[in-house]
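> Below: sequence and its predicted model.
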Amino acid sequence: MTDRYQSPLSERYASKEMQYIFSPDMKFRTWRKLWIALAETEMELGLNITQEQIDELKAHAQDINYDVALKREKEVRHDVMSHVYAYGVQCPKAKGIIHLGATSCYVGDNTDIIVMTEALKLTKKKLVNVIAELKRFADRYKALPTLGFTHFQPAQPTTVGKRATLWMQEFLLDLEDLDYVLNGMKLLGSKGTTGTQASFLELFNGDHETIDKIDPMIAEKMGFSSCYPVSGQTYSRKVDTRVANVLAGIAASAHKFSNDIRLLQHLKEVEEPFEKSQIGSSAMAYKRNPMRSERIASLSRYVMIDALNPAITSATQWFERTLDDSANKRLSIPEGFLAIDGVLDLCLNVV
């Protein structure tokens, strides 16, 4: 499509792996996995749901009928109920038990957590690769003398390898932060419209002991250790803030690394890769501009500023929930991850 806007993040910078994590296929297949997990949990806890209905849901977990959902959404103006309807068209025996007792946030928020968790895992893999490559570079040039700089003025000598360990150490700090946030990710679970599980009290005739089993069972089926113990209708938007801050930290480290490379290339001490047929400038083809490092810096600034979006959003939520978070997080979280994905790929290439 050349007649409408296309995001440079998906067109130029982010990998196919990261793009898939934020794709409609990933999103809506996860919705269906969550509906299956809910239905299985309700069946196992005694509701009148049959294995035949579960099997029907599983048979259509992957083949999303987007055309039916889009047509329905034009009528009802509700994305979740449009997909409940579309799933029911494919699963006529099970349509009455899809989304039973749940709110829109059951699929929406739990999917967001799952998607961010998968994106953090991919980010961690790439960050580790950058650190490992920097380690090899530092070890290779650990004895090669070079002039040190303080205030960007000539100072005492250091080595090329020693300087690289400065970049590596900052990425290691980012890895520690990433691991901490990743290991703390929990699902929302299924807590109802205000976090009280009122609909399940009705479904299970006020049996609190049974209701207490719902969230842990759903978490286990979805590959998580637990759910957040309390919530309003949504998980705390503070979670998005923590995730975005991890990305911003990586971006800050990458920006410092790329700035140093740009300065060193000006001094003719190091040089980023330059392809055989690459053109340095439209007017001065002989130039060898540090374009990769410049791109790292440019994207990194975007990620650092993007972290303000979840922070402001989490600060301005009202009571049990408000919907002014939705449009913002649809942009800020995916684009933060797509941008840092491009940054880390560029860092690996430069190192």
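Looks like it arrived, so ask away. Numbering: from 1, shown residues only.
> Ignoring the adjacent residues along the chain, who's closest to the residue of the chain positioned farthest from its centre?
Computed with CA atoms, centre = their mean, the residue of the chain farthest from its C-alpha average is residue 156, at 42.4 Å. The shortest distance from residue 156 to any residue other than its chain neighbours is 5.3 Å, reached at residue 148 (CB to CB, 6 or more residues apart in numbering). Glycine gets a C-beta too; all of them are placed from N, C-alpha and C.
> Same question for residue 225.
Sequence neighbours aside, residue 219 is the residue nearest to residue 225 in space, at 6.7 Å (criterion: CB to CB, 6+ apart).
> Same check on residue 256?
The shortest distance from residue 256 to any non-neighbouring residue, by CB to CB, 6+ apart, is to residue 170 (6.6 Å).
> And residue 231, by the same measure?
Taking CB to CB, 6+ apart as the measure, residue 231 lies nearest to residue 195, with 4.6 Å between them; neighbours along the chain are not counted.
> Give me the secondary structure label for the one you found.
Three-state call for residue 195 (DSSP: H, G, I helix; E, B strand; the rest coil): coil.
> Spatially central residue for this structure, please.
Among the residues of the chain, the one closest to the centroid is residue 116, at 3.4 Å (CA atoms, centre = their mean).
> Wasn't that one part of a strand?
No - when the secondary structure is assigned by three-state DSSP, residue 116 falls in helix instead of a strand.
> That one: what's it in contact with?
Neighbouring residues of residue 116 by CB atoms under 8 Å, 6 or more residues apart in numbering: 185, 239-240, 243, 333, 337.
> Centre of the chain to stretch 234-244, how far?
The gap between where stretch 234-244 is centred and where its chain is centred comes out at 12 Å by CA atoms, centre = their mean, to the nearest Å.
> from now on call the first residue 352
Fine by me, first position is 352 from now on; the one you just mentioned is stretch 585-595.
> Pull the residues that contact it.
By CB under 8 Å, 6+ apart, the list of residues contacting stretch 585-595 reads 456, 460, 463-464, 467, 471, 532, 535-539, 579, 657-658, 660-662, 664-665, 668, 672, 676, 680, 683-684, 687.
> quick one: average pLDDT of that stretch?
Per-residue confidence for stretch 585-595 averages out to 97 on the pLDDT scale.
> sorry, back to before: quantify the burial of the residue nearest to residue 607 by counting its neighbouring residues.
When neighbours are defined as other CB atoms under 10 Å, residue 521 has 18 of them.
> same deal with residue 554?
A total of 19 residues lie near residue 554 under the criterion other CB under 10 Å.
> now it: how far from residue 442?
Using CB to CB, to the nearest Å, residue 554 is found at 20 Å from residue 442.
> Repeat that for residue 693.
Shown here: residue 693 relative to residue 442, a distance of 39 Å by CB to CB.
> Go through the host helix or strand of residue 485 and flag the buried ones.
Mapping residue 485 onto the secondary structure by DSSP states H and E places it in helix 455-491. The neighbour-count criterion (16 or more other CB atoms under 10 Å) identifies 455-471, 473-475, 477-478, 481-482, 484-486, 488-489 as the buried residues of helix 455-491.
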